Every structure is written in structure tokens, then in C-alpha cells.
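Visitor: How does the following fold in three dimensions:
(one chain, ligands or ions: 1)
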Amino acid sequence: MHVVELEGVGVRVVGKSLLDGVDWRVDYGDHWVILGPNGAGKTTLLSLAGAVRHPSEGTVRVLGHQLGRVDVRELRRHIGLVAASQRLIDEELMEEEGATAHTVVLTGHTGTSVPLWDKYGTAERDRAHRLLADLGCKDLAERPFRVCSQGERARIRVARALMADPAVLLLDEPFAGLDLPAREDLIAALEDLAATRPVLTTVMVSHHLEEVPATTTHAMLMGDARVLAAGPVADVLTPANLSDCFGRPLHVDRLDGRWYARALRP
Ligand SMILES: Nc1ncnc2c1ncn2[C@@H]1O[C@H](COP(=O)(O)OP(=O)(O)OP(=O)(O)O)[C@@H](O)[C@H]1O
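Guide: Okay, here's the model as predicted:
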């Protein structure tokens with residue numbers, strides 16, 4: 001069984017193809033990065049993997065269950081979704097109520113945007129503290145979420161997503177708006193997660209090669225609603241593939257497992 005399996009998948013809205021002819025397999029313990037220019041279809045692909053939307057054609061199986069034949073609410077309990085761009089949790093409400101980072105993580109247990117206090121016992125509270133520590137946010141537990149920096153919030157959101165002990169963690173542009181130290185802290189946290197949770201599968205959508213954690217095992221390049229290349233990370237993130245994907249000649253370096261790209265000048 002695969003964590004995510006797509007066969008001949010298309011997603012269409014009136015007059016537009018958002019995904020076309022996509023085949024994709026994600027195995028347990030894989031760490032994928034999906035790269036591609038704006039509008040390529042990356043978020044649409046992630047929303048299929050997250051059982052948030054259904055395909056117009058083809059089949060999507062998530063954790064062995066075919067979308068359209070499964071209670072997606074039950075399925076979503078096993079999927080951790082982190083998206084800075086979407087308001088997956090009502091963060092404004094959390095800000096108004098002065099919720100602490102620890103409370104925000106706790107809400108991941110119930111998958112709610114407000115805390116359901118009677119559902120959280122000592123075990124859940126301890127687990128939320130451990131997850132904050134795992135994400136390098138140990139000292140933030142009692143800090144109001146509203147005063148946390150963007151970088152701190154990014155790591156708190158990952159801790160929240162892990163609260164339900166998901167089989168797969170989906171991250172949609174988790175680095176958006178982060179400065180360099182915050183980016184590096186989040187990358188370190190993701191690399192540590194990969195080392196300490198060998199069965200946790202992750203799929204991350206990103207815009208920049210510099211954001212690809214060294215623990216990434218597989219990559220997909222997308223363009224114009226299609227998969228341009230997919231497979232083991234070293235086979236896919238080649239200068240030729242990346243130049244083709246982003247539409248200009250690129251030079252690519254790899255250092256200590258991390259990736260760096262720059263445009264070649266004519
Ligand atoms: N419901 C919709 N109706 C019409 N067009 C849509 C809809 N949802 C997405 N699109 C379009 O489909 C294309 C793919 O969107 P998607 O968000 O998957 O791209 P992306 O690769 O994640 O882009 P970005 O890097 O800019 O976030 C975009 O051109 C987007 O405007």
C-alpha cells in the first residue's frame with residue numbers, strides 16, 4: 001500500500017485544467033518536495049493528497065482509501081496539513097482569545113479552531129509540550145500565539161499538525177514570509193523530524209531549491225498542470241530539468257545535501 005497513489009488524475013474547473021494526466025506514488029517514509037512555477041498545480045495536487053478535493057478523472061488513493069469511496073473526515077484525521085497561505089485554523093480567533101502556543105498545538109488533537117478543554121488530559125498536554133520541544137519551540141509554550149514571530153508560528157503549526165499523530169504531513173509553502181534564520185530553523189526542525197520519526201511521510205510544496213531539506217528523498221517538478229519529472233531527488237533536481245521547469249538556464253549546486261540554484265547569464 002502507498003501513502004498516496006494517483007493514476008491518470010485530472011482536475012478541471014470550467015474552461016481550465018488544473019491537473020492533467022498525473023500519475024504519482026508516495027511510499028511510507030518518503031520525503032517529497034514539489035517544485036514548479038506559480039500556477040503549475042502544486043497546491044491542487046496537495047489538496048488531493050490531503051483529501052480536501054476530489055479528482056475530475058482518474059483515481060486517488062490516500063492511505064489505501066480511494067477518494068469518493070471513503071469518509072474523508074475520518075481519512076483527514078490521519079493527515080497533517082500545514083499551510084501558511086490558507087487559514088486552516090482560525091488564527092484570528094486564537095489571537096483574539098490570547099491563546100498560547102501550547103493551546104494552539106493542543107487544538108491539533110481535536111482538529112478544531114478553538115480549544116475543547118474537556119478533551120485534553122495530562123497525556124495530551126504533555127504531548128503538546130513534547131512536540132513544541134521537538135520543533136525547537138520549548139520556551140514558547142506559554143507565549144501568546146499572537147506575539148509569536150512568523151518563523152515561530154510556522155514551527156508551532158507543524159507541532160499542531162503532528163498532535164493527531166498523522167501518517168503523512170503535507171506542507172504547503174511552509175517557508176512563505178520567513179527570514180533566513182527562521183527558514184533555517186524550520187529546515188533543521190524538518191530534518192530532525194525525518195531522523196526521529198522514520199515512518200512519518202512528508203510532502204512539501206516549495207518555490208525555492210534553497211528550502212529543500214537535506215533529508216528529502218524524492219522530488220517532483222510541475223509545470224502547466226502536468227508532472228515534468230518525478231523520482232529520487234538527485235535524479236530529478238538536475239540543471240536540465242530545473243531549467244526546463246522554470247523556463248531559464250539555471251546552474252545548480254548541492255552542498256552537504258542542500259540545494260542552491262542561480263540563473264546562468266548569457
Ligand atoms: N477553483 C478554481 N477555479 C479556477 N482556477 C483555479 C481554481 N483553483 C485554482 N485555479 C488555478 O489553477 C492553477 C493552479 O493552481 P495551484 O494553486 O494548484 O498552483 P500552484 O502551483 O500551487 O501555484 P502557486 O505557486 O502560485 O501557489 C492556477 O492558475 C490557479 O489560478
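
Visitor: Tell me the buried residues in stretch 218-229?
Guide: Using 16 or more other Cβ atoms under 10 Å as the test for burial, stretch 218-229 gives 218-223, 225, 227-229. Just so you know, the C-beta spots here come from the backbone N, C-alpha and C atoms, and that holds for glycine as well.

Visitor: what's the answer for stretch 137-145, then?
Guide: Buried residues in stretch 137-145 (16+ other Cβ under 10 Å): 137, 140-141, 144-145.

Visitor: Filter the buried residues of stretch 218-229 down to just the ones in strands.
Guide: Those of those mapping onto strands are 218-223, 227-229, per DSSP state E.

Visitor: Mind putting the buried residues of stretch 218-229 into JSON lines with distance to the ligand?
Guide: Listed next are the buried residues of stretch 218-229 as JSON lines, based on distance: Cβ to the nearest ligand atom, whole Å:
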{"residue": "218", "distance to the ligand": "18"}
{"residue": "219", "distance to the ligand": "15"}
{"residue": "220", "distance to the ligand": "11"}
{"residue": "221", "distance to the ligand": "11"}
{"residue": "222", "distance to the ligand": "6"}
{"residue": "223", "distance to the ligand": "9"}
{"residue": "225", "distance to the ligand": "7"}
{"residue": "227", "distance to the ligand": "12"}
{"residue": "228", "distance to the ligand": "12"}
{"residue": "229", "distance to the ligand": "15"}
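
Visitor: And the closest residue to residue 60 other than its chain neighbours, its phi and psi?
Guide: Closest residue to residue 60 apart from its sequence neighbours, by Cβ to Cβ, 6 or more residues apart in numbering: residue 67 at 4.5 Å. Main-chain dihedrals, residue 67, degrees, to the nearest 10: phi -60, psi 140.

Visitor: wait, isn't residue 67 in contact with residue 49?
Guide: No. Proximity of residue 67 to residue 49 does not meet the contact threshold set by Cβ atoms under 8 Å, at 9.9 Å.

Visitor: Neighbour count: these two, which is higher?
Guide: residue 49 (24 against 20; other Cβ atoms under 10 Å).

Visitor: For the closest residue to that one other than its chain neighbours, list the residues it contacts.
Guide: By the measure of Cβ to Cβ, 6+ apart, the closest residue to residue 49 outside its immediate chain neighbours is residue 4, 4.7 Å from it. Going by Cβ atoms under 8 Å, 6 or more residues apart in numbering, residue 4 touches 24-26, 49, 60-62, 168, 203.

Visitor: where do the helices sit along the stretch 1-150 of the chain?
Guide: Remark: helices assigned in the stretch 1-150 of the chain by DSSP state H, counting those that start in this stretch are 42-49, 72-76, 91-96, 101-110, 122-134, 150-162.

Visitor: Now tabulate the ones you listed in JSON lines and tack on distance to residue 16 and mean pLDDT.
Guide: Formatted as JSON lines, those follow (distance: least, Cβ to Cβ, whole Å; pLDDT from 0 to 100):
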{"stretch": "helix 42-49", "distance to residue 16": "11", "mean pLDDT": "94"}
{"stretch": "helix 72-76", "distance to residue 16": "24", "mean pLDDT": "88"}
{"stretch": "helix 91-96", "distance to residue 16": "30", "mean pLDDT": "66"}
{"stretch": "helix 101-110", "distance to residue 16": "34", "mean pLDDT": "92"}
{"stretch": "helix 122-134", "distance to residue 16": "39", "mean pLDDT": "95"}
{"stretch": "helix 150-162", "distance to residue 16": "30", "mean pLDDT": "91"}
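
Visitor: So which of those helices is nearest the ligand?
Guide: Closest to the ligand of the helices of the stretch 1-150 of the chain, according to Cβ to the nearest ligand atom: helix 42-49, at 3.3 Å.

Visitor: Not counting its neighbours along the chain, what's nearest the residue in the stretch 51-200 of the chain positioned nearest to the ligand?
Guide: In the stretch 51-200 of the chain, the residue that lies nearest the ligand is residue 173 (6.8 Å; Cβ to the nearest ligand atom). Spatial nearest neighbour of residue 173, chain neighbours left out: residue 205 (5.7 Å); criterion: Cβ to Cβ, 6+ apart.
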